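Trainee: Got a predicted model here, sequence first, then my questions.
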Amino acid sequence: MPRKAQQEGTEGVVRAQIRIKGGVVQDVTMTGPRVFCAAVRAAVMQYKSICDAGGEVLATEESSFKLE
């Protein structure tokens, strides 16, 4: 949870559209509270795909951020 989101009491869901080619993330497009986007981008850029059909794969990831 980003410190700024904790301080402001921000919660939300970030939806990431991920384009994977050759098993490696090529591009990420996100919607949702911007305060969480850097954390989501850092996480999804580490993804690797075991599907090596030689084509492009599109995946969607939803990340929920809740204060407790």
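Mentor: Everything's here; your move.

Trainee: List the contacts of the biggest helix by length in the chain.
Mentor: Counting by DSSP state H, the longest helix found in the chain is helix 37-44. With C-beta atoms under 8 Å, 6 or more residues apart in numbering as the test, helix 37-44 has contacts from 2, 14, 16, 18, 25, 28, 30, 61, 63. Every C-beta, even on glycine, is put in place using the N, C-alpha and C of the backbone.

Trainee: Quick check: next helix or strand after it?
Mentor: Next in sequence after helix 37-44, counting helices and strands by DSSP states H and E, comes strand 56-65.

Trainee: The residue most central in space within the chain and residue 21, how far apart?
Mentor: The centroid of the chain falls nearest to residue 40 when counting by C-alpha atoms, centre = their mean (3.7 Å). Counting by C-beta to C-beta, to the nearest Å, the separation of residue 40 from residue 21 is 20 Å.

Trainee: List the residues that contact residue 17.
Mentor: Contacts for residue 17 (C-beta under 8 Å, 6+ apart) come out as 28-30, 58-60.

Trainee: In contact with residue 58, which residues?
Mentor: Counted by C-beta under 8 Å, 6+ apart, residue 58 has contacts 17-20.

Trainee: Pipe those residues into JSON lines and attach secondary structure, pLDDT and distance to residue 49 per row.
Mentor: Below are these laid out as JSON lines (DSSP: H, G, I helix; E, B strand; the rest coil; pLDDT from 0 to 100; distance: C-beta to C-beta, whole Å):
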{"residue": "17", "secondary structure": "strand", "pLDDT": "97", "distance to residue 49": "15"}
{"residue": "18", "secondary structure": "strand", "pLDDT": "94", "distance to residue 49": "9"}
{"residue": "19", "secondary structure": "strand", "pLDDT": "92", "distance to residue 49": "11"}
{"residue": "20", "secondary structure": "strand", "pLDDT": "89", "distance to residue 49": "5"}
